[in-house]
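K.L.:
can you look at this prediction? I've put the sequence above it.
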Amino acid sequence: MPTILIIEDEAKMRRLLELNLGDDGFKTLSAGDAETGLRLLASEPVHLVLTDLKLPGISGLEFLQSAKQQNPALPIVVMTAFGSVETAVEAMKAGASDYVLKPFSLAEMRMVVRKELDNSRLREENRSLREALGQKYSHPNIIAISPKMQEVLATVERVAPTNSTVLLGGESGVGKDLIARAIHEKSRRASGPFIKINSTAIPENLLESELFGYEKGAFTGAATSKPGKFELADKGTLFLDEIGDVPPAIQVKLLRVLQEREFERLGGTRTIKVDVRLIAATNRDLRAALEDGTFREDLYYRLNVVPIDIPPLREHKEDIPGLANLFLARFAKDSGREEKITDISPAAMQLLVSHYWPGNVRELQNVIERACALASGSQLEAADIQLDSPRNRTSDIRNGSASDRFLPDGMTLDQWEDEMIREALKRAGGNKSQAARLLGLSRNTLRYRLSKIGIDDNETE
């Protein structure tokens, strides 16, 4: 069983944690101050640390920084008083895995400990992810021949059996809902409900009642009580799409559900307990939302337990033929035509593969559906493929000529610049300083551009 190090200066609390975690089968080590904790950490194999932030001598935050230098992968859960949430957020920024507010229930602490140990195991397995990609992962309705999509499915396989919150990122149309459903179907909650809600599809004044339900008389027109999506998803999975657009007032209630697994209906006083796994998705840069103050830091860290970034279709074009044939089979079957469409010509397929696909998989699906409806033969030809006109072109503003184009069809200036950055990295063999020189950029400017397109700047030079 894993070994847990408890650092708490209050002897009664320390002993209570030792007894309860020991009853759960864990081996425990304990210390009354950070200095003793660091010595134990250096001499004993430890799988997780529970530490108070307010300690005699070295503070819990200083302990966290020292412990992370020794073992960056070690999960550390911090304990802090209710009035010190800002300090807890600072600890999360410094590398803490989670935080628990005092006073807490022992059941809540056990849940957090087990979740963090699950996450630690997941991170350990992901270290060998590249080697594991030699194995082909698959899921119905998901085409994943390319290494990038195989990496996504490999992460799905590892995270699905846990109860960890998952944050899906990626452009609109990449298939975040399919990945969320795959996680649910491969989880221990597969027999439970899978409830989906898109926060942008519901007016802001109705979103709270949709998520948490309402009691009779809570507002004008509430003739009866109604359960919300969290109640309907009990013992299952709730997929909350476009999490970045949730209003601040509702972010507070979401944070409470994630922390305590409980809430009250709108207009109600009865506390409702739920067992729900949350999968959130966004096509926004949540870090930018943190900086401009539209998204809560504490909620972000609660959501970003296991992030999965789904690449845009232009970055895994190897999957386009498989996706096109999947959609062809689906729409040809439902078209009602006497002569069934059974194939896509090489010229048509080349047209599909060479397109930039700003709308990603959703755009490809629409193009195939339109082609199936308009095709005259049993094979889709290049003439049947109708791609949307590019939105960004230099099609001669002065005389109307479409002969001069600076950008490929369907590609925006920002997208073209992002592609140039990726190409420079490729030519520089991943050396970011060399890539900056190729692009004529400063190292700091390149670092900023890399963060915008989701590439970690973790190279030490």
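P.N.:
Received it, and whenever you're ready, just let me know what you need.
K.L.:
what ranges does the protein have for its strands?
P.N.:
Using DSSP state E, the strands of the chain run over residues 3-7, 27-31, 48-52, 76-81, 98-102, 166-169, 194-198, 237-241, 262-264, 271-273, 277-282, 306-309, 343-344, 379-380.
K.L.:
any idea how far the residue lying closest to Glu210 once chain neighbours are set aside lies from Leu106?
P.N.:
Sequence neighbours aside, Ile202 is the residue nearest to Glu210 in space, at 5.4 Å (criterion: C-beta to C-beta, 6 or more residues apart in numbering). Placement of C-beta: from N, CA and C, glycine included. Plainly put, Ile202 is 37 Å away from Leu106 if you go by C-beta to C-beta, to the nearest Å.
K.L.:
residue ranges in the stretch 351-461 of the chain under the pLDDT threshold?
P.N.:
389-412, 456-461 (pLDDT under 70).
K.L.:
can you rerun that using 90?
P.N.:
351, 354-356, 358, 372-379, 382-384, 386-461 (pLDDT under 90).
K.L.:
tell me where it has helices.
P.N.:
360-374, 413-427, 432-439, 443-452 (DSSP state H, counting those that start in this stretch).
K.L.:
picking up where we left off before, next up, phi/psi of the residue nearest to Glu210, please.
P.N.:
phi -120, psi 130 (degrees, to the nearest 10).
K.L.:
gap between it and Arg188?
P.N.:
Per C-beta to C-beta, Ile202 is found 29 Å from Arg188.
K.L.:
quick one, which of the two is more surrounded?
P.N.:
Just comparing Ile202 and Arg188: by other C-beta atoms under 10 Å the higher neighbour count belongs to Ile202, 14 against 11.
K.L.:
so for the chain, the centremost residue is which one?
P.N.:
Central residue of the chain (C-alpha atoms, centre = their mean): Leu167, 2.0 Å from the mean position.
K.L.:
okay if I get the strands of the chain as a markdown table plus distance to Gly429?
P.N.:
As requested, those are exported to a markdown table (distance: least, C-beta to C-beta, whole Å):
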| stretch | distance to Gly429 |
| --- | --- |
| strand 3-7 | 42 |
| strand 27-31 | 45 |
| strand 48-52 | 38 |
| strand 76-81 | 36 |
| strand 98-102 | 38 |
| strand 166-169 | 27 |
| strand 194-198 | 41 |
| strand 237-241 | 38 |
| strand 262-264 | 51 |
| strand 271-273 | 53 |
| strand 277-282 | 32 |
| strand 306-309 | 23 |
| strand 343-344 | 36 |
| strand 379-380 | 40 |
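K.L.:
sorry, back to before: hang on, the residue nearest to Glu210 packs against Lys196?
P.N.:
No - using C-beta atoms under 8 Å, Ile202 is not in contact with Lys196; the gap is 11.9 Å.
K.L.:
would you mind confirming that the residue nearest to the centre of the chain makes contact with Leu303?
P.N.:
Yes - proximity of Leu167 to Leu303 meets the contact threshold set by C-beta under 8 Å, at 4.8 Å.
K.L.:
which residues do those two both contact?
P.N.:
Residues within reach of Leu167 and of Leu303 at once, by C-beta atoms under 8 Å, 6 or more residues apart in numbering, are 243, 280.
K.L.:
kindly state the domain boundaries assigned to the protein.
P.N.:
Split into domains by automatic domain parsing, the chain comes to 3-126, 150-310, 314-384, 413-452.
K.L.:
turn the ones you listed into TSV, including distance to Pro140.
P.N.:
Output for the domains of the chain, formatted as TSV (distance: least, C-beta to C-beta, whole Å):
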stretch	distance to Pro140
domain 3-126	24
domain 150-310	9
domain 314-384	10
domain 413-452	31
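K.L.:
lowest mean pLDDT across those, which one is that?
P.N.:
Least confident of those, judged by mean pLDDT, is domain 413-452 with a mean of 78.
K.L.:
how far does that one sit from the chain's center?
P.N.:
25 Å (C-alpha atoms, centre = their mean, to the nearest Å).
K.L.:
buried residues, that domain. List them.
P.N.:
Residues of domain 413-452 classed as buried by neighbour count (16 or more other C-beta atoms under 10 Å): 415, 418-419, 421, 424-425, 428, 432, 435-436, 438-439, 441, 446, 449-450.
K.L.:
phi, psi for Thr217 please.
P.N.:
For residue 217 the amino acid is Gly, not Thr. phi 80, psi 10.
K.L.:
contacting residues around it?
P.N.:
Gly267.
K.L.:
recalculate using a threshold of 10 Å.
P.N.:
Contacts for Gly217 (C-beta atoms under 10 Å, 6 or more residues apart in numbering) come out as 223-225, 267.
K.L.:
again, but for Ala88
P.N.:
Contacts of Ala88 by C-beta under 10 Å, 6+ apart are 53, 60-61, 78-82, 96, 98-101, 298, 301.
K.L.:
from Asn163, how far out is Asp23?
P.N.:
21 Å.
K.L.:
more crowded one of the two?
P.N.:
More crowded of Asp23 and Asn163, by other C-beta under 10 Å: Asn163, with 18 against 10.
K.L.:
which one of the buried residues of domain 413-452 is nearest Ala332?
P.N.:
Nearest to Ala332 out of those is Gln415 (C-beta to C-beta; 31.6 Å).
K.L.:
so which of the contacts of Gly217 is the closest to Gln379?
P.N.:
Thr224 (55.3 Å).
K.L.:
the closest residue to that closest one other than its chain neighbours: what's it in contact with?
P.N.:
Leaving aside its sequence neighbours, Thr224 sits nearest to Lys216 (C-beta to C-beta, 6+ apart; 5.5 Å). Going by C-beta under 10 Å, 6+ apart, Lys216 touches 222-226, 265, 267-268.
K.L.:
may I see the ChimeraX selection of the buried members of the residues you listed?
P.N.:
Those of the contacts of Lys216 that count as buried under 16+ other C-beta under 10 Å are selected in ChimeraX with:
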select :226,265,268
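K.L.:
and of the contacts of Lys216, the nearest to Leu387?
P.N.:
The closest of the contacts of Lys216, once distances to Leu387 are taken by C-beta to C-beta, is Lys226, at 44.3 Å.
K.L.:
who does that closest one bridge with?
P.N.:
Following DSSP bridges, Lys226 is listed with bridge partners Tyr214.
K.L.:
so how far is Leu313 from the residue nearest to Glu210?
P.N.:
In terms of C-beta to C-beta, Ile202 sits 28 Å off from Leu313.
K.L.:
the helix of greatest length in the chain: how far from the chain's middle?
P.N.:
Taking DSSP state H as the criterion, the chain has its longest helix at helix 106-126. On the basis of C-alpha atoms, centre = their mean, helix 106-126 sits 18 Å off its chain's mean C-alpha point.
K.L.:
return the distance of the nearest residue to Ser376 once chain neighbours are set aside relative to Gln350.
P.N.:
Distances taken as C-beta to C-beta, 6+ apart place Asp384 nearest to Ser376, at 8.0 Å, with adjacent residues excluded. Here the criterion is C-beta to C-beta. By it, Asp384 lies 14 Å from Gln350.
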